[in-house]
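1. What shape does this take:
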Amino acid sequence: MRVALLFVSWLLAMVTAGFAAPASAQMPTLVPYIYADIPGDRIARAQRDKPADQIAAETAAADAAETRCDAGNSAGCASLGRAFLYGAGRPQNRPVAELLLRQACDAAEAAGCLDLGVLLRSIKEVVPRAEGTQMLARGCRLGNLDACNEEAGAVAAGTDGRDGDLRKAQAMRRAACDKGSDKACRWLGSELASSDDPAVRADGLGLLERQCRSNDTDACNWITQELGRQAPVPTVLRVEMTDKGCAAGSANLCRELGYLRFAEASGPPESRSAALAALDRACALENGYCNTPANIRKRPVLAESCARGVQADCLALGQIYAESRTPLYSPTEAAQLLGGACEAGIAEACGDAARAKTNDDVSETPEDNALIAFWLDLGCQDGQRDDCAERGTKLLAGEPNREDRARGYALLERACALRSEEACKDLDERSFADPAAPVLAVDWRYRPPLTPEEEAEEKRLEEEAKAREEADRCTTSQVSFRGSVWTDRLCQQTIVAITRGRNARPGEAPWQALFWRPEVFNGSRISRAKQVECGGALVRDGWVLTAAHCVVDEKKRLTLTPGHTVRLGVYDAQELQGESYGISQVFVHPNYHEKARVFDIALVRLNTARRIRRGTVGPIRTIPFDDTPPEQRIISAGTPVFVYGWGLTRFEGTTSNRLKAAELKTEAPSECEKRTRTDQAFIKSSLICAKAADRSQACDGDSGGPLVRYEQAEMRSPVVIGVVSSGTKCGESGVASSYTRVGKMTDWIVRVLRGVERPIAPRATR
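-> Predicted coordinates:
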């Protein structure tokens, strides 16, 4: 990593001396560490496409910091290093940031030590992480309370390959909190508030309440979420803390306050002034929250116009009622209004009406199913390709009779003729798999052979598209700094749908779970293909094993986001199939790091009291998880394993309707650990790497699904040995993907299933 004898000697001397040596005796100028393309914990690729005024302000601040640094001001060097670290006014370049932050920290600039410690701890190797902890300790001793809080976090996570010490970390945070660190108080309060001990829990809630009353919006968010987990009915304190957070400037809590006030009030929605005031404040703070108050005010006007027979306004009102994450959500009224608009000739309302009827909590009846089919038929007749495709796949589901099969294929062909790529691909797959499928006619995808010039142009466009994709995913900077040029490349973390592979046989993987997004997500209606979020494995009745990063969906906690469900007994994800469950509790491995993707594992407890059965329900079975410690179960190179999922079928493609399966071969553990940098004692054997010769691989949407090994003994019973965690370009790169090794996590899994562990809601990356 470095030219290391000199560095290690210096580091040991500094650790022994407690950084007491004068600046002249500190580390000589050395080359920075080598940084991975995928940023580690706490360091993310800089935001792109910033507003022009933000860019100008950041550049001016970085210019001023550089002037001060050049004049010998250590605080200026620390500020300039931070600008390079996070790409604020300077190109994001971690080597240059390290050099500047070292200079500042060596000169006893506490802020430089803080940022240097965070940077070094983003590296996976033990030595730089240990040095990072020491830098945080130095910053703390120099009086930076944020460094004290970060040092406590490092102690809790563990250093030098040793397990973390939560008690010591909490004592450190307590000391920093007593000295006035808001961050330390907030973190300590959050940790204590989840304790089983009522006195400890009360202490934690008290800390968060105090911080919230001091206008700490993060503390307000944390205490309202913790109170929401502890009591489903809003308490007086929860409402008060939500109000405080809104007043302090949290758009999210203003929206939450608006929803609480809306539920408390009675009368027409537009007359609930307290709720509207809170929702208006949320809108003023963040534009993304403006639709809800606007729709509430539009409702009476649209309702009056709709009553006069203006079907366009019936459509608009029905779409408002169909948005599940608003106080106006009413699928029954939505279906009635949208169905009426559909029958009156507004074709775009037909599919929405069918989906609203499907989302109604009332159990489906034959009459409901007939009405859904009628609306889809009307939409299809008027040229709505998605309605044709949905109606066609419904007719082909299960074991259709000859008439339904013929009509189903005819509708899919119509959807394909209307340029639905998904319908065309569905037809292609069915024509191979179904002996009764009709002979398909050529469609719009067939073109005359390309001329040599056209082939060259197509190849050029493909290469440009690949270059754009690489530029979108990765940022490379080259910075000339003090006589040397330093290059740094940062890429977005990619998560892993099964590319290539094959369609699984119905019932082949009865343990497979599907995490399903609501139809309206983040304020926007999404396609059914995008509702596929993650996979999982049913390891106990009511318990699903998945990836930790799956329980944070675009920075929202599943347990607090209405509409997320887990589906079992499903083969075709786009059909109304299987059993759907709400999410009762989420347990995340305490050592999980989102950026580093280590200990990426979670258990989700289903709300079995609220089970909804829809359509055909396939077999549902539990699958055992691997409880053999890594040192006792040898996984050598070339071991056959299998992965299942409904995710993307190619990089930047679309999700699969039917469950897909792929056979992979494991990579040698030594190669896996070397490439993923997980050969340190604490995280050694925490990953399994696997790939296939034909590059079949897991991809977006398959995350959290099981990596299954079919044992030779005991009649080849399957067992979950891994959880889909991360990969690169869904197998197109040929690099093996990473799977969290279940055997490494057995003790934690058993504690959760026995009720020893408390649920831990993951925090979104900051």
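2. residue ranges with poor pLDDT in the stretch 451-600 of the chain?
-> 492-502, 521-524, 552-562, 595-596 (pLDDT under 70).
3. Please enumerate the helices of it.
-> With DSSP state H, counting those that start in this stretch, the ranges of helices along the stretch 451-600 of the chain come out as 452-473, 528-531.
4. quick one: which of the ones you listed is nearest residue 182?
-> For residue 182, the closest of the helices of the stretch 451-600 of the chain is helix 452-473, at 35.3 Å, according to CB to CB. All C-beta spots, glycine's among them, are computed from the backbone N, C-alpha and C.
5. Can I get that closest one in PDB, CA atoms only?
-> The C-alpha coordinates for helix 452-473 follow below in PDB (Å, rounded to 0.1, in the frame of the first residue of the first chain):
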ATOM      1  CA  PRO A 452     -21.600  -1.500 -43.700                       C
ATOM      2  CA  GLU A 453     -21.900   2.200 -43.000                       C
ATOM      3  CA  GLU A 454     -25.000   1.600 -40.800                       C
ATOM      4  CA  GLU A 455     -23.100  -1.100 -38.900                       C
ATOM      5  CA  ALA A 456     -20.200   1.200 -38.300                       C
ATOM      6  CA  GLU A 457     -22.600   4.000 -37.100                       C
ATOM      7  CA  GLU A 458     -24.400   1.600 -34.800                       C
ATOM      8  CA  LYS A 459     -21.200   0.400 -33.300                       C
ATOM      9  CA  ARG A 460     -20.100   4.000 -32.800                       C
ATOM     10  CA  LEU A 461     -23.400   4.800 -31.000                       C
ATOM     11  CA  GLU A 462     -23.000   1.700 -28.800                       C
ATOM     12  CA  GLU A 463     -19.500   2.700 -27.800                       C
ATOM     13  CA  GLU A 464     -20.700   6.200 -27.000                       C
ATOM     14  CA  ALA A 465     -23.500   4.900 -24.900                       C
ATOM     15  CA  LYS A 466     -21.000   2.700 -23.000                       C
ATOM     16  CA  ALA A 467     -18.700   5.700 -22.500                       C
ATOM     17  CA  ARG A 468     -21.700   7.700 -21.200                       C
ATOM     18  CA  GLU A 469     -22.700   5.000 -18.800                       C
ATOM     19  CA  GLU A 470     -19.100   4.700 -17.500                       C
ATOM     20  CA  ALA A 471     -19.000   8.500 -17.100                       C
ATOM     21  CA  ASP A 472     -22.300   8.500 -15.300                       C
ATOM     22  CA  ARG A 473     -21.200   5.800 -12.900                       C
END
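6. Now the element after the lowest-mean-pLDDT helix or strand in the chain, going C-ward?
-> Among the helices and strands of the chain, helix 4-17 carries the lowest confidence by mean pLDDT, DSSP states H and E, at a mean of 38. Next in sequence after helix 4-17, counting helices and strands by DSSP states H and E, comes helix 52-70.
7. May I have that following helix as CSV, with CA atoms only?
-> Below are the C-alpha coordinates for helix 52-70, written out as CSV (Å, rounded to 0.1, in the frame of the first residue of the first chain):
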residue,chain,number,x,y,z
ALA,A,52,-24.5,27.1,-10.7
ASP,A,53,-24.8,29.3,-7.6
GLN,A,54,-23.7,26.4,-5.3
ILE,A,55,-20.7,25.7,-7.6
ALA,A,56,-19.7,29.3,-7.5
ALA,A,57,-20.0,29.6,-3.7
GLU,A,58,-18.0,26.3,-3.1
THR,A,59,-15.3,27.4,-5.6
ALA,A,60,-15.0,30.8,-3.9
ALA,A,61,-14.7,29.1,-0.5
ALA,A,62,-12.1,26.7,-1.7
ASP,A,63,-10.1,29.5,-3.4
ALA,A,64,-10.0,31.4,-0.1
ALA,A,65,-8.9,28.3,1.8
GLU,A,66,-6.1,27.7,-0.7
THR,A,67,-4.9,31.2,-0.2
ARG,A,68,-4.8,30.8,3.5
CYS,A,69,-3.2,27.4,3.3
ASP,A,70,-0.4,28.7,1.0
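8. Tell me the first helix or strand C-terminal of it.
-> helix 74-86.
9. counting contacts, what elements does that following helix pack onto?
-> Judged by 3 or more CB pairs under 8 Å, 6 or more residues apart in numbering; DSSP states H and E, the packing partners of helix 74-86 are helix 52-70, helix 94-106, helix 110-120.
10. how much space between the nearest residue to residue 600 once chain neighbours are set aside and residue 534?
-> Residue nearest to residue 600 in three dimensions, not counting chain neighbours: residue 725, with 4.4 Å by CB to CB, 6 or more residues apart in numbering. Noted for residue 725: a distance of 11 Å to residue 534, by CB to CB, to the nearest Å.
11. Mutual contacts of those two, please.
-> 547, 703 (CB atoms under 8 Å, 6 or more residues apart in numbering).
12. for the helices and strands packed on helix 74-86, which one sits closest to residue 485?
-> helix 94-106 (9.9 Å).
13. so the closest one versus helix 74-86, what angle?
-> 150 degrees (axes from the mean of the first three to the mean of the last three CA atoms, to 10 degrees).
14. Pull helix 94-106 out as CSV, backbone CA atoms only.
-> Taking C-alpha atoms only, helix 94-106 is exported to CSV below (Å, rounded to 0.1, in the frame of the first residue of the first chain):
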residue,chain,number,x,y,z
ARG,A,94,-8.8,11.6,-2.0
PRO,A,95,-5.0,11.4,-2.3
VAL,A,96,-4.7,15.2,-2.5
ALA,A,97,-7.2,15.5,0.4
GLU,A,98,-5.1,13.1,2.5
LEU,A,99,-1.9,15.2,1.9
LEU,A,100,-3.6,18.4,2.9
LEU,A,101,-5.4,16.9,5.9
ARG,A,102,-2.2,15.3,7.1
GLN,A,103,-0.5,18.7,6.9
ALA,A,104,-3.3,20.3,8.9
CYS,A,105,-3.5,17.5,11.5
ASP,A,106,0.3,17.5,11.9
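15. Can you give the contact residues for it?
-> Counting by CB under 8 Å, 6+ apart, 23, 26-27, 31-33, 35, 43, 69, 74-75, 77-78, 80-82, 84-85, 111-113, 115-116, 119-120, 135, 138-139, 479, 481-482, 486-488, 490 sit against helix 94-106.
16. Make a PyMOL selection of whichever of those turn out to be buried.
-> The PyMOL command for the buried members of the contacts of helix 94-106 (criterion: 16 or more other CB atoms under 10 Å) is given here:
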select buried, resi 26+27+32+33+35+43+69+74+75+77+78+80+81+82+84+85+111+112+113+115+116+119+120+135+138+139+479+486+488+490
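17. circling back to that earlier point, for the residue nearest to residue 600, give me its contacts.
-> 495-496, 547, 549, 597, 600, 687, 703, 737-740.
18. does it sit in a helix or strand, and which one?
-> Counting by DSSP H and E, residue 725 is part of strand 718-726.
19. go on, residue 708?
-> With DSSP H and E as criterion, residue 708 is part of strand 706-710.
20. Pairing partners for that strand, with directions?
-> strand 640-645 (antiparallel), strand 718-726 (antiparallel) (DSSP bridges).
21. which residues are contacting that strand?
-> For strand 706-710, using CB under 8 Å, 6+ apart, the contacting residues are 509, 511-512, 535-537, 545, 623, 626, 639-644, 664, 688, 690, 716-724, 739.
22. buried subset of those residues?
-> 509, 511-512, 535-537, 545, 623, 626, 641-644, 664, 688, 690, 718-724, 739.
23. Mind splitting the protein into its structural domains?
-> 4-189, 383-437, 502-753 (automatic domain parsing).
24. need the least confident one among the ones you listed, by mean pLDDT.
-> Looking at those, the lowest mean pLDDT belongs to domain 502-753 (a mean of 79).
25. gap between it and the chain center?
-> What separates the centre of domain 502-753 from the centre of its chain is 13 Å, taken as CA atoms, centre = their mean, to the nearest Å.
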